[in-house]
Every structure is written in C-alpha cells, then in structure tokens.
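Colleague: 3D model of this:
(one chain, ligands or ions: 1)
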Amino acid sequence: MEMAVEATAPGKAILFGEHSVVYRGPAIVIAIDKRARIVAESREDSRIYFDALDLGFSGYFEGTRYFPVRGKSWHGKRLRAILVTAHRTMEHIGVHTGLDIKVRSEIPVASGLGSSAAIFVSTAAAIGEVLGANLSLEEICNLALEGEKVVHGTPSGVDNSISTYGGALRYERDLGFDKIEPLGTFYFVLGNSKRRRSTKRLVLRVRSLYERHPKIIERVIETIAKTSDMGLDAMKKGDLPYLGELMNINHGLLAAIGVSITKLDSMVHASRVAGAYGAKLTGAGGGGCIIALTDSTHIDWINNAIRKCGGEPFPVNISKEGVKTRRIER
Ligand code: MEV
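Modeller: Alright, predicted model coming up:
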C-alpha cells in the first residue's frame, strides 16, 4: 500500500528578545495554535515535486533546476529553502529518493510568526518518517535550521526550536532552550499589519545600526536581554500586569533599534487603550505582527481596536504541541 506522511508544526510569537537574541541573551517565545502542514511521499523518479497551490504555484526540481507546473519559474526561489531542508534530511539519513511534497499553512507568511521555520520542521519530520528514519526532535530541529539559514542568513535558531518543541521556551543562542511552565492561563491577540517583510533584511539593518552606534545599541541590546529575564520571572509567577509592562518597555526598545513602523505603533497603542496589559511588535518587525497580552474579557475590544488601525486581529493561545507526524494510507 502507498504510504504518505503528514507532519504539522506550530508557528510562534516572540514575547521578549527578538533581535537581541541574535547577539546575546535570551528570547522568550511561545508556540501558537496555528500550524504549517507538509504531506510527503516518495516517488519512483528522482524529482522533488512541490504542490504549494495555496500560494498559487507548483513545480518540481531536477537537481537544483526548477520546472514550474503552475506559476512562474521565479516561484522556484520561494521553494529553495524547503528543497535544501529536504536534501539535508536525506543526506543525514543517507537515503536519496524523489519526493512529492505538499505545502499548506495556516500561519500568515512573512509576518513574524515563524511560518518558514514551521514548514522546515514539518518537512524534516515528514521526510524522516517517509524514509523510516525515526529522527529525534533534536535532529529535526537542527535540519530545519539549515532551511532557516537559506531564508534568514544568520538565524539565532529560536524559530525552529519553538516550532519543534511547542509550549513556551527560553532560548539562548549556543546554549539552546529551557522549557518554561507559565503559571495560569494567558490570552493573547495578534494583530497582523499585512505588510510582508524580510527577517534577513531587518537583522542586517540592526547590524548596520549597531556598527554605526556600537556604544548605544550595545546598551539597548543588553536592556532588551534584561526585559527577557524579568519577563520570564513574571510568566512563571503569572504576574500579568508586570509582564504587560515589560512588553511595553520591550516595544520601546525595538522602536529604538529601528524595527517598528507606524502601523505597528498604532496597533500597539490602540491595544493598550482597549485594555491590554501590554503590547509590542513580535518577530523581526518592519511589518508583520504585534502581540497584545490580555484577559479573556478584553479580547473583543482589542480585536476591534486592531481592526480600526487597518490590521487583522486573531486571538491565540499557547500551543503545547510541537511537531507531530502521522501516516496516511492511500
Ligand atoms: C525572528 O523571528 C527573530 C529575530 O530575532 C531573528 C532571529 O532570532 O533569528 C529577529
């Protein structure tokens, strides 16, 4: 019987420490209940065929050359990082085969919610299962980082880690992650500015600001790292007002390193006025999303406030579940 494997993995939202984590100190990050999904099965030939029809295209690679079936040749560029993840996974296992890979996602693309990492994590997990390799979570996480490198240049590793393990994590470059057990229930509303942006470009922009004003930016990065540590404490104690205040401070610091934009600032301020404990941009900035921390009674107010700013609100909870695979018999 033909066998396909479905793998899903969650997107993420960073509560503290985006950008600073590229240099030093921790990021505090949660998995959200929006997931990417990959369905993979092996082929008789050596082609790697992608169906990304939700994004409007499909096509296949022979070696590294892309042949579009639906859409244009340049769409191949958007698949290259998934291709690299697929190749690295097969190299790691030591088996090479052609593959059919279907890509689906509920996570808005290029919006700071880790959609690419969730796709790479699901890709590595699905191919591992198709090839019967029984990959560990650590192996899946490391293979997904190879895709992240293609998209982001110098990723800290935070996105692929949270997508692999789920829940809430304290992540620090070179040290890895610790699971966090937050106390109580946390309600968040994300506000999507619907402006796409490139994480790679924003990380480079911060680097160039750092090089021009090292003494100042060094201090800002250190202060962001401090908010991450204090935010972690507040999460463990379930102290929501304090956590919210720290998120507000973190937003100000991100604005100082030049990664906020007017629309993000408006959504952040409107959410606070609508009753959020705190709000900040989340992810690389320059567009993408904000995240507001709230209690259950203010969700509708915050949704409306974000909509009035022209953003798209969606309430999320912390998703305990990291990457998951299941076999589909055809
Ligand atoms: C992107 O989700 C977070 C950044 O800190 C980049 C990274 O950590 O690789 C901006």
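
Colleague: wait, does the strand or helix carrying Arg35 make contact with the ligand?
Modeller: Here Arg35, judged by DSSP states H and E, is contained in strand 26-43. No: Strand 26-43 lies out of reach of the ligand by Cβ under 6 Å from any ligand atom, never closer than 6.5 Å. Backbone N, C-alpha and C define where each C-beta goes, glycine included.

Colleague: Backbone dihedrals for the spatially most central residue of the chain, please?
Modeller: When Cα atoms, centre = their mean is applied to the chain, the residue found nearest the centroid is Gly114 (1.4 Å). When read as degrees, to the nearest 10, the backbone of Gly114 gives phi 70, psi 30.

Colleague: So for the closest residue to the ligand within the stretch 1-150 of the chain, what pLDDT did the model give?
Modeller: Distances between the stretch 1-150 of the chain and the ligand by Cβ to the nearest ligand atom are smallest at Glu18, namely 4.0 Å. With respect to pLDDT, Glu18 has a value of 97.

Colleague: can you tell me which helix in the chain is longest?
Modeller: helix 214-237 (DSSP state H).

Colleague: Gly258: neighbour count?
Modeller: 16 (other Cβ atoms under 10 Å).

Colleague: Okay, buried residues for stretch 198-208 please.
Modeller: Residues of stretch 198-208 classed as buried: Ser198, Thr199, Leu202, Val203, Arg205, Val206, Arg207 (neighbour count, 16 or more other Cβ atoms under 10 Å).

Colleague: any residue of it up close to the ligand?
Modeller: Yes: against the ligand, stretch 198-208 shows contacts by Cβ under 6 Å from any ligand atom at Thr199, Val203.

Colleague: ok, and what's touching that stretch?
Modeller: With contacts defined as Cβ atoms under 8 Å, 6 or more residues apart in numbering, stretch 198-208 is touched by 19, 22, 110, 112, 151-155, 217, 257-259, 283-286.

Colleague: wait, what's in contact with the residue of the stretch 1-150 of the chain closest to the ligand?
Modeller: Ala27, Gly112, Leu254, Thr282, Gly283, Ala284, Gly285.

Colleague: quick one: the strands in the stretch 151-300 of the chain?
Modeller: 168-172, 176-180, 187-192, 278-282, 289-294 (DSSP state E, counting those that start in this stretch).

Colleague: which residues does the residue in the chain positioned nearest to the ligand contact?
Modeller: Closest approach between the chain and the ligand, counting by Cβ to the nearest ligand atom: Ser156, at 3.4 Å. With contact set as Cβ under 8 Å, 6+ apart, Ser156 has these partners: Val21, Val22, Ala27, Tyr171, Arg173.

Colleague: quick one: buried residues of the longest helix of the chain?
Modeller: The neighbour-count check on helix 214-237 (16+ other Cβ under 10 Å) flags 217, 220-221, 223-228, 230-232, 234-235 as buried.

Colleague: tell me what that helix is packed against?
Modeller: Using 3 or more Cβ pairs under 8 Å, 6 or more residues apart in numbering; DSSP states H and E, the elements in contact with helix 214-237 are strand 3-16, helix 20-23, strand 26-43, strand 168-172, strand 176-180, helix 199-212, helix 240-256.

Colleague: Briefly note if the fifth one comes near the ligand.
Modeller: I take that to be strand 176-180. No: taking Cβ under 6 Å from any ligand atom as the criterion, strand 176-180 and the ligand are apart, separated by no less than 12.5 Å.

Colleague: what angle sits between that strand and strand 3-16?
Modeller: Interaxial angle of strand 176-180 relative to strand 3-16 (axes from the mean of the first three to the mean of the last three Cα atoms, to 10 degrees): 80 degrees.

Colleague: how far does strand 176-180 sit from the chain's center?
Modeller: Remark: strand 176-180 is offset 16 Å from the chain centroid, using Cα atoms, centre = their mean, to the nearest Å.

Colleague: Return the set of buried residues in it.
Modeller: Phe177, Ile180.

Colleague: near the ligand, which residues of the stretch 1-150 of the chain?
Modeller: Ile14, Glu18, His19, Val21, Val22.

Colleague: wait, what's in contact with the fourth one?
Modeller: Spelled out, it's Val21. Ala27, Ser156, Val158, Tyr171, Glu172, Arg173.

Colleague: Which residue is the nearest non-sequential neighbour of the last one?
Modeller: Closest residue in space to Arg173, ignoring its immediate chain neighbours: Ser156 at 4.9 Å, by Cβ to Cβ, 6 or more residues apart in numbering.

Colleague: any idea how far that neighbour is from Cys309?
Modeller: Per Cβ to Cβ, to the nearest Å, Ser156 is found 29 Å from Cys309.
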